[in-house]
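Asks: curious how this folds, go ahead:
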Amino acid sequence: MTEPRYPNIPDVRDGLTEVERTILLVLHEARKEYGDRMIPTALIYGRVVERLDMSWEEFQRALLRVS
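Replies: Reported below is the predicted structural model:
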């Protein structure tokens, strides 16, 4: 996946940043895999970092915005 040019600027279509959209996509994929079980935050972070370069603190802030 290519690195987004402006990962923290909201998209006019839905107001989500590229980071937030990636987190939601990963959560959706993990929900299909885990079903109703709890999804570990570290697992979500690991999968997001595979797609985007970000620190744990940046991830936590973005996760709080979308949850």
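
Asks: list the contacts of the spatially most central residue of the chain.
Replies: The residue lying closest to the centre of the chain (C-alpha atoms, centre = their mean) is residue 23, at 1.4 Å. Applying C-beta atoms under 8 Å, 6 or more residues apart in numbering to residue 23 gives the contacts 44, 48, 59, 62, 63, 66. For the C-beta atoms, the positions are set from N, CA and C on the backbone; glycine is no exception.

Asks: out of these, give me the one that has the most neighbours.
Replies: Tallying neighbours with other C-beta atoms under 10 Å puts residue 62 at the head of the contacts of residue 23, with 24 neighbours.

Asks: state the distance from that residue to residue 29.
Replies: 17 Å (C-beta to C-beta, to the nearest Å).

Asks: below-threshold pLDDT in this protein: ranges please.
Replies: Scanning the chain for pLDDT under 70 picks out 1-8, 11.

Asks: how about the strands of it, start to end?
Replies: For the chain, applying DSSP state E gives no strands.

Asks: which parts of it are helices?
Replies: Taking DSSP state H as the test, the helices found in the chain are 18-34, 41-49, 56-66.

Asks: residues in contact with the last one?
Replies: Applying C-beta under 8 Å, 6+ apart, the set of residues contacting helix 56-66 from outside is 16, 17, 19, 20, 23, 24, 41, 44, 45, 48, 49, 54.

Asks: buried subset of these?
Replies: Among the contacts of helix 56-66, those classed as buried by 16 or more other C-beta atoms under 10 Å are 16, 17, 19, 20, 23, 44, 45, 48, 54.

Asks: can you give me the neighbour number for the closest residue to the first one other than its chain neighbours?
Replies: Put plainly, it is residue 16. Spatial nearest neighbour of residue 16, chain neighbours left out: residue 10 (6.4 Å); criterion: C-beta to C-beta, 6 or more residues apart in numbering. A count of nearby residues for residue 10, using other C-beta under 10 Å, gives 13.

Asks: isn't residue 10 right next to residue 19, touching?
Replies: No - in this structure, residue 10 is not within contact of residue 19 by C-beta atoms under 8 Å, at 10.4 Å.

Asks: same list, the buried ones among the contacts of helix 56-66, but as TSV with distance to residue 36 please.
Replies: Below are those laid out as TSV (distance: C-beta to C-beta, whole Å):
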residue	distance to residue 36
16	25
17	28
19	26
20	24
23	20
44	16
45	21
48	22
54	28
